[in-house]
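S.K.: Could you work out the structure for the sequence below:
(chains A and B)
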Amino acid sequence: MTKGRVLLAMLGTDQHELGAVAIAGLLRDHGFEVVYLGRFQTPKTILQAAIDEDVDVIGISCHSWEFLDYVPELIPLLGESEVDAPVVLGGSVITAEDALAMKALGIAEVFDSDAQSGAILDRMSMLAAERRARAGIG
Amino acid sequence: MTSEGATHGGTGPEWQVLLSGLRQRDRRALSRFISLVEARAAGWQDAMHCLFAETGRARVVGVTGSLGTGKSTLTGRLAVEFIERGHAVAILAVDPSSPFSGGAILGDRIRMANLAPHGVFLRSMATRGAHGGLSRATRDAVRILDAFGFDRILIETVGAGQDEIDILRVADVTLVVSMPGQGDEVQAIKAGIMEIADVFVVNKSDCAGADQAVADIQAMLRVTKSGARGGAPAVVLKSVATTGSGVREVVEAIQSRLPRAEIRRSAPNEIVEEVVELVDGRLHDVFWNELGARQRLRERVSGRDDVDPYLLFGEFFPQDLVRALLAAARERRTSD
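M.R.: Numbers count the residues shown, from 1 in each chain, chains lettered A, B, ... in the order given. Now for the predicted structure:
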């Protein structure tokens, strides 16, 4: 049985895909099903995919500043549609100050560029398991 | 809800909420319904039974073929063409689970980004250990989408070579997608996958060798029985999925091969195979997962390099249980 379904996306014109691809491989190798959206996503395309795919966690790779514009739009959009999957951010450009602001908006976790794979996997497993229990998915 | 197979008679309140959500065409209810059936959550067969009577209207198109032939892009194009003809379209895209971790990368949405404005429901599914090119819940997901009201359901299989032919039993019409320069590969796939095609599509036909690829397939069709279901003979078409060229002709070939009856029901032999699979799947889960046999087996072999699989088979095969079942069956037969 899968550990959970994780959506991975990048917002706007952010082109730096290596991090997202590496995380996709890491999650796959540890039993997650990764719905990979890749580049050029918007809050609306992420919402649509999160609904259709019934994902347990939404992961956004941030290697450009655009997340500062898009995340404040994404969170209420998910809320209005009653999508309860937690959203996590990861990437090199997120400052400590940004991380606090993002968590205040409702982001469940922020992984900076020093985050270790073990810690990422533990946190993702926990978030996915909590959400699957809420949804009643075995 | 824990994973469980026994029938409880009727369905629990969670399922009732989802069933009524489904009837009100709530996409989140649809999506959750698929997740729960895919996970074989308690009561799933009862829930499927509740909506089975509402199925049979959708027409199912299978898209299969080797890796890299453009199945995803073509499937996205077909979906838009069906939408433009007034159909409600859903797509199931199946990708392989890793045999090592059980994880998967489901990447088909990348190739179908053009669908976003069209309201197509797109769901990615991992094979979760199944080997026939689909997952074991794909057919169930088709029925859920059917009951929801989608009338064209496209299934994209895993990149398939010779044996991944489960799609034949789920789809009304099967497309086999290939591309120019696959001459040898077409030879190699003739035994399995060539026989299931209703429509052959040579995609990427703007590349050199497209006419040769069409001719190769046509030559092969002359020596094998054409028409997977004994209906219209198989046809060979060309497309360029990235531009949309040839897509209309492919859709017309599909439409002309769909069953005419308003309600489509599985043939008795298909039902036999499906029930055998359902029972097998359940027995497998009970024995290996719920009774913990797989874990015990792991512990038994852990750290050893001298284990004999035949001895372990004798040790793990539930002989006593099977003997008791056989004896009970004999007794029932004699008392009848």
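
S.K.: From the structure, what's the count of residues near the residue of the stretch 151-300 of chain B at minimum distance from chain A?
M.R.: Chain A sits closest to residue B:289 of the stretch 151-300 of chain B, with a gap of 8.0 Å, by CB to the nearest CB. C-beta: built from backbone N, CA, C; applies to glycine. Look at residue B:289: counted by other CB atoms under 10 Å in any protein chain shown, it has 13 neighbours.

S.K.: Check residue B:326 too.
M.R.: For residue B:326, using other CB under 10 Å, the count is 10.

S.K.: so who does residue A:121 touch?
M.R.: A:26-27, A:30 (CB atoms under 8 Å, 6 or more residues apart in numbering or on different chains).

S.K.: Kindly confirm my reading that it is in a helix.
M.R.: Yes - applying DSSP: H, G, I helix; E, B strand; the rest coil, one finds residue A:121 inside a helix.

S.K.: So which residue is dead centre in the chain?
M.R.: Let's take chain A. For chain A, the residue nearest the mean C-alpha position is residue A:59 (1.2 Å; CA atoms, centre = their mean).

S.K.: Sorry, I should have been clearer: chain B.
M.R.: residue B:134 (3.5 Å).

S.K.: That one falls within a helix, correct?
M.R.: No - Residue B:134 is assigned coil when assessed by three-state DSSP, not a helix.

S.K.: Touching, it and residue B:169? I think so.
M.R.: No - at 9.0 Å, residue B:134 does not count as touching residue B:169 under the criterion of CB atoms under 8 Å.

S.K.: With adjacent residues omitted, what lies nearest to the residue of the stretch 101-250 of chain B found nearest chain A?
M.R.: Closest to chain A within the stretch 101-250 of chain B is residue B:103: 3.8 Å, counting by CB to the nearest CB. Closest residue to residue B:103 apart from its sequence neighbours, by CB to CB, 6 or more residues apart in numbering or on different chains: residue A:28 at 3.8 Å.

S.K.: Would you tell me what the next helix or strand after the helix or strand of chain B with the lowest mean pLDDT is?
M.R.: Among the helical and strand segments of chain B, the one scoring lowest on mean pLDDT, DSSP states H and E is helix B:183-189, with a mean of 58. Downstream of helix B:183-189, the first helix or strand assigned by DSSP states H and E is strand B:199-202.

S.K.: Please list the residues of chain B that sit near chain A.
M.R.: Applying CB under 8 Å from any CB of the partner chain, we find that chain B lies next to chain A at B:1-3, B:14, B:27-28, B:31-32, B:34-36, B:39-41, B:97-98, B:100-107, B:109-110, B:113, B:116, B:121-124, B:126, B:128.

S.K.: try it again with 6 Å
M.R.: B:1-3, B:14, B:27-28, B:31-32, B:35, B:39, B:41, B:101-107, B:109-110, B:116, B:121-124, B:126 (CB under 6 Å from any CB of the partner chain).

S.K.: Can you report how many residues lie near residue B:249?
M.R.: For residue B:249, using other CB under 10 Å, the count is 15.

S.K.: Tell me who's in contact with the closest residue to it other than its chain neighbours.
M.R.: The shortest distance from residue B:249 to any non-neighbouring residue, by CB to CB, 6+ apart, is to residue B:237 (5.4 Å). Residues in contact with residue B:237, defined by CB atoms under 6 Å, 6 or more residues apart in numbering or on different chains, are B:201, B:249-250.

S.K.: who does the residue nearest to the centre of chain A bridge with?
M.R.: residue A:8, residue A:88 (DSSP bridges).

S.K.: Check which residues of the top strand by length along chain A are buried.
M.R.: Taking DSSP state E as the criterion, chain A has its longest strand at strand A:32-41. Buried residues in strand A:32-41, counted by 16 or more other CB atoms under 10 Å in any protein chain shown: A:32-39, A:41.

S.K.: contacts with chain B among those, please.
M.R.: Applying CB under 6 Å from any CB to these, those adjacent to chain B are A:32-38.

S.K.: Output the residues you listed as TSV; include the columns pLDDT and distance to residue B:218.
M.R.: Shown next, in TSV, are those (pLDDT from 0 to 100; distance: CB to CB, whole Å):
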residue	pLDDT	distance to residue B:218
A:32	97	44
A:33	97	40
A:34	98	40
A:35	97	39
A:36	96	37
A:37	94	39
A:38	91	38
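
S.K.: just those residues now: which is nearest residue B:332?
M.R.: Using CB to CB, residue A:33 comes nearest to residue B:332 of these, at 43.2 Å.

S.K.: give me every residue that touches the closest one.
M.R.: Taking CB under 6 Å, 6+ apart as the test, what residue A:33 contacts is A:2, A:5, B:104, B:126.

S.K.: if you set the cut-off to 8 Å instead, what comes out?
M.R.: A:2, A:4-6, B:97, B:103-104, B:106, B:124, B:126.

S.K.: what residue ranges in the chain score low on pLDDT?
M.R.: I'll assume chain A. Filtered on pLDDT under 70, chain A yields no residues whatsoever.

S.K.: oops, chain B please
M.R.: B:1-10, B:161-163, B:183-192, B:224-231, B:336.

S.K.: Now do the helices in it.
M.R.: Using DSSP state H, the helices of chain B run over residues B:13-23, B:27-38, B:44-52, B:71-84, B:138-148, B:167-170, B:183-189, B:210-223, B:247-257, B:268-284, B:293-301, B:309-316, B:319-335.

S.K.: Over to chain A?
M.R.: A:18-29, A:43-53, A:67-80, A:96-105, A:117-135.

S.K.: picking that back up, need the helices of chain B in CSV (columns: distance to residue B:62).
M.R.: Shown next, in CSV, are the helices of chain B (distance: least, CB to CB, whole Å):
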stretch, distance to residue B:62
helix B:13-23, 24
helix B:27-38, 18
helix B:44-52, 21
helix B:71-84, 10
helix B:138-148, 10
helix B:167-170, 4
helix B:183-189, 15
helix B:210-223, 17
helix B:247-257, 10
helix B:268-284, 14
helix B:293-301, 32
helix B:309-316, 36
helix B:319-335, 37
